[in-house]
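Asks: Provided below are the primary sequence and the corresponding predicted coordinates.
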Amino acid sequence: MSPTLLSRILRRLRRRAGTDEVSTAYRPLDRSERLDGWLATEVAARQHLAFAPLVRQAFDGQPREDFQAAAWAVGSARAAFPFVVEVGCGSGYYSEVLPHLVGRELRYVGLDYSLAMVALGSRSYPGVSFLAGDARRLPLGDGCCDVVLSGGVLMHIPDYVEAIRECRRITRDICVFHTVPVREKGPTTFLQKLAYSGPVAEVIFNLVEIEEQIRSAGLSIVGRRPSVPYDLFSVLGETTWTATFLCRRV
């Protein structure tokens, strides 16, 4: 994607700021449909612009709940100068926010399967390294990092068991499954929706089941903290919320 095209899209979307709903049109998952909304340049740009004011709030001393939860989890790393790989990094805003909230320097690499997200990250944070890759087959070596931050992406991967195991493989210390939508009563449910007007898959996890999958991958859950509110009662007939799981490699 050319920098000129990306700049033009961002300028146009800034003029329309606030007109796009984040999540709409929920329905059962149809695996025969193309659900590649995150690959679209405009979807990536809409998400980037939506998070820009949240980044400013974090630096103004008012971080949103999900930012606080991420900092709590990443700050648990035992290394003095931890190497953090964020899987599903979007435009890479956590590369800027986490060192500020954690209160120490981090080495950061952002990874996303969307080339549009990677392009936005490289444009927004030219001093940060970004990679394109699939969360189910990470292009990284075993035990290569101190922290793997699954950054709000597990919910968009129907084959989430593979993604959990890959996160465990590449860390030597901590796995963080961040902003995972959960329910207590009903089963793990597969949906699709429009996110920033792009079609994507979405998984709402049964809390017991997702914790069992994390443990069976070879991880110990050492903490769980509420993340940003996300109640789909109108869709599922049950209250849902999001949680951030702090895990250590066994």
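Replies: Now that the structure is in, tell me what you want to look at.
Asks: mind showing which ranges of the protein have poor pLDDT?
Replies: Low-confidence segments of the chain (pLDDT under 70): 1-20.
Asks: what comes up buried for the longest strand anywhere in it?
Replies: Criterion DSSP state E: the longest strand present in the chain is strand 171-183. Under the neighbour-count criterion of 16 or more other C-beta atoms under 10 Å, strand 171-183 has 171, 173-183 buried. Glycine gets a C-beta too; all of them are placed from N, C-alpha and C.
Asks: so is residue 71 in a helix, a strand, or just coil?
Replies: Classification of residue 71 by DSSP: H, G, I helix; E, B strand; the rest coil places it in helix.
Asks: Let the chain start at 48 from now.
Replies: All set: I'll call the first residue 48, so the last point we hit is now residue 118.
Asks: wait, it sits on residue 145?
Replies: Yes. Contact criterion C-beta atoms under 8 Å: residue 118 and residue 145 qualify, at 6.2 Å.
Asks: the more surrounded of those two?
Replies: More neighbours surround residue 145 than the other of residue 118 and residue 145, with 25 against 20 (other C-beta atoms under 10 Å).
Asks: How about the host helix or strand of that one, which residues are buried there?
Replies: Applying DSSP states H and E as the criterion places residue 145 in helix 141-149. Neighbour-count burial for helix 141-149 flags 141-142, 144-146, 148-149 (criterion: 16+ other C-beta under 10 Å).
Asks: so that helix versus strand 218-230, what angle?
Replies: Between the axes of helix 141-149 and strand 218-230, defined by axes from the mean of the first three to the mean of the last three C-alpha atoms, to 10 degrees, the angle is 90 degrees.
Asks: which residues sit against helix 141-149?
Replies: The contact list for helix 141-149 (C-beta atoms under 8 Å, 6 or more residues apart in numbering) reads 102, 105-106, 110, 114-115, 117-118, 121-122, 131, 133, 136, 152-153, 155, 157, 168, 172, 175, 196, 198.
Asks: Please apply the same query to stretch 154-169.
Replies: For stretch 154-169, the surrounding residues in contact (C-beta under 8 Å, 6+ apart) are 48, 53, 85-88, 90-92, 95, 128-139, 141-142, 145, 175-182, 185-187, 192.
Asks: Could you do stretch 290-297 as well?
Replies: By C-beta under 8 Å, 6+ apart, stretch 290-297 touches 113, 116-117, 119-120, 123, 215, 218-227, 229, 254, 257-258, 261, 265-274.
Asks: Check stretch 181-200 too.
Replies: The contact list for stretch 181-200, computed with C-beta under 8 Å, 6+ apart, reads 113, 117, 120-121, 124-126, 129-137, 141, 156, 158, 160, 178, 180, 204, 206, 209-211, 213-214, 216-226.
Asks: switch the cut-off to 7 Å
Replies: Residues from elsewhere that reach stretch 181-200 (C-beta atoms under 7 Å, 6 or more residues apart in numbering): 117, 121, 124, 126, 129-136, 141, 160, 178, 180, 204, 206, 209-210, 213-214, 216-226.
Asks: Good, wrapping up.
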